[in-house]
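> How does the following fold in three dimensions:
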Amino acid sequence: MKVFIYLLVLLQMFIQSALADCPRIISQSPYITLQLEYLGLKNCIVGTSRYDDLKDIPNTGGIIDPDASAIAQLKPDLWITSVWTKSDIFQQTLPPTSQGLRLDSFQGMAQISQNLIDIAKIVKQPEAMHKAQQFSAQWQSKIQQVKGNGKKVLLLSSCTGQPYSFGNKTWLAELFTQAGFKLVDNTEGVRHLSKDRTPEETQALIAALKPDLIFVFTRQVADACSLIELPKISQLLVLNGDNFLHPAPVLLKGIDELIEKQAIWQ
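Residues are numbered from 1 along each chain as shown. Reported below is the predicted structural model:
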């Protein structure tokens with residue numbers, strides 16, 4: 001009997017220790033979920049936005065319109081959203097007993113690295129901090145293996161739907177510039193193309209910018225660009241959007257894909 005009680009106490013202590021090491025976290029965007037996963041904190045997520053696809057996890061609304069009631073009911077230790085959640089809405093939504101982060105992640109790789117460090121500081125897990133501190137060196141080491149050779153590139157989210165082109169001051173602009181490519185779209189941020197006139201506007205953009213390479217980031221690899229007539233000088237390459245369209249450490253997989261495919265343009 002004493003052994004049973006002793007084992008029960010040990011089990012309770014283990015559970016309490018595990019809970020202490022795993023704070024209750026709400027991720028208000030899929031890219032934040034990916035950052036948490038990289039840090040080894042995915043199992044700590046107790047709520048996600050409507051855009052996420054984690055099964056059996058409660059919905060906490062969107063980035064612009066977080067569900068304050070759902071967030072409060074989950075009693076998070078940490079609520080993480082992006083700067084697209086307005087500051088006043090963030091303050092109104094954040095439960096009084098919770099810590100919160102608004103992450104700016106879209107303008108460069110340094111912001112992604114800082115996001116990871118900021119999260120690791122709050123959760124106070126040495127392993128998470130170690131991973132956060134390693135990310136910058138990881139991606140910079142990998143990207144040196146990609147030889148862009150000064151090729152002029154256009155970065156398109158897709159060829160269908162409502163695509164957008166990545167311009168300056170975006171994480172992908174920095175990534176591809178560091179890989180040795182030259183970005184032809186000098187827009188600051190992203191350039192949104194018309195949903196109703198996608199083929200015409202995309203074709204006009206390509207004709208005006210005259211890229212050597214057009215990288216298309218699509219989650220559906222079969223997504224066709226057949227409606228667009230390419231100039232003879234331009235070559236189109238499809239990449240896995242899941243590895244590029246989130247400002248998160250999944251970009252390491254994206255760099256691996258560039259390394260594997262670089263023989264195409266070289």
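> Can you name every helix or strand that the strand or helix carrying residue 133 contacts?
If you go by DSSP states H and E, residue 133 is part of helix 126-143. Packing partners of helix 126-143 (3 or more CB pairs under 8 Å, 6 or more residues apart in numbering; DSSP states H and E): helix 109-123, helix 171-178, helix 251-261. In this view, the C-beta of every residue, glycine as well, is placed from N, C-alpha and C.
> how about the CA coordinates for the last one, as CSV?
Taking C-alpha atoms only, helix 251-261 is exported to CSV below (Å, rounded to 0.1, in the frame of the first residue of the first chain):
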residue,chain,number,x,y,z
LEU,A,251,11.8,28.0,-44.3
LEU,A,252,14.7,25.7,-43.6
LYS,A,253,12.9,23.0,-45.6
GLY,A,254,12.3,25.6,-48.3
ILE,A,255,16.0,26.3,-48.5
ASP,A,256,16.6,22.5,-48.8
GLU,A,257,14.2,22.5,-51.8
LEU,A,258,16.2,25.3,-53.4
ILE,A,259,19.4,23.4,-52.9
GLU,A,260,17.9,20.3,-54.5
LYS,A,261,16.5,22.2,-57.5
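> List of residues touching that helix?
Residues outside helix 251-261 that contact it (CB atoms under 8 Å, 6 or more residues apart in numbering) are 109, 112, 138-139, 142-143, 145-146, 171, 175, 179, 237, 239-240, 243-244.
> follow-up on the earlier one: in the helix holding residue 133, which residues are buried?
For helix 126-143, the neighbour count (16 or more other CB atoms under 10 Å) marks 128, 129, 131, 132, 135, 136, 139, 142, 143 as buried.
> out of these, which one sits closest to residue 121?
The closest of these to residue 121 turns out to be residue 129 (CB to CB; 7.2 Å).
> Tell me who's in contact with that closest one.
Counted by CB under 8 Å, 6+ apart, residue 129 has contacts 117, 120, 121.
> list the contacts for the last one?
The one in question is residue 121. residue 129.
> Distance check, it against residue 142.
25 Å (CB to CB, to the nearest Å).
> The second one too?
For residue 120, the distance to residue 142 (CB to CB) stands at 21 Å.
> residue boundaries of the helices in the chain?
Assigned by DSSP state H, the chain shows helices spanning 2-21, 30-38, 68-74, 87-93, 109-123, 126-143, 171-178, 198-209, 251-261.
> Could you tell me how many residues sit around the nearest residue to residue 123 once chain neighbours are set aside?
Take residue 123 and drop its neighbours on the chain: the residue closest to it by CB to CB, 6 or more residues apart in numbering is residue 23, 5.6 Å away. Using other CB atoms under 10 Å, residue 23 has 18 other residues around it.
> Please look at residue 23 and residue 43 and confirm they touch.
No: using CB atoms under 8 Å as the test, residue 23 is too far from residue 43 to be in contact (11.0 Å).
> Could you pull up the residues touching the residue nearest to residue 165 when sequence neighbours are not counted?
Among residues not flanking residue 165 along the chain, residue 191 sits closest, at 4.3 Å (CB to CB, 6+ apart). Residue 191 is in contact with 164, 165, 167, 185, 205, counting by CB under 8 Å, 6+ apart.
> Residue 43 and residue 22 touch, don't they?
Yes: under the criterion of CB under 8 Å, residue 43 makes contact with residue 22 at 6.3 Å.
> Of those two, which one has the most company?
residue 22 (17 against 11).
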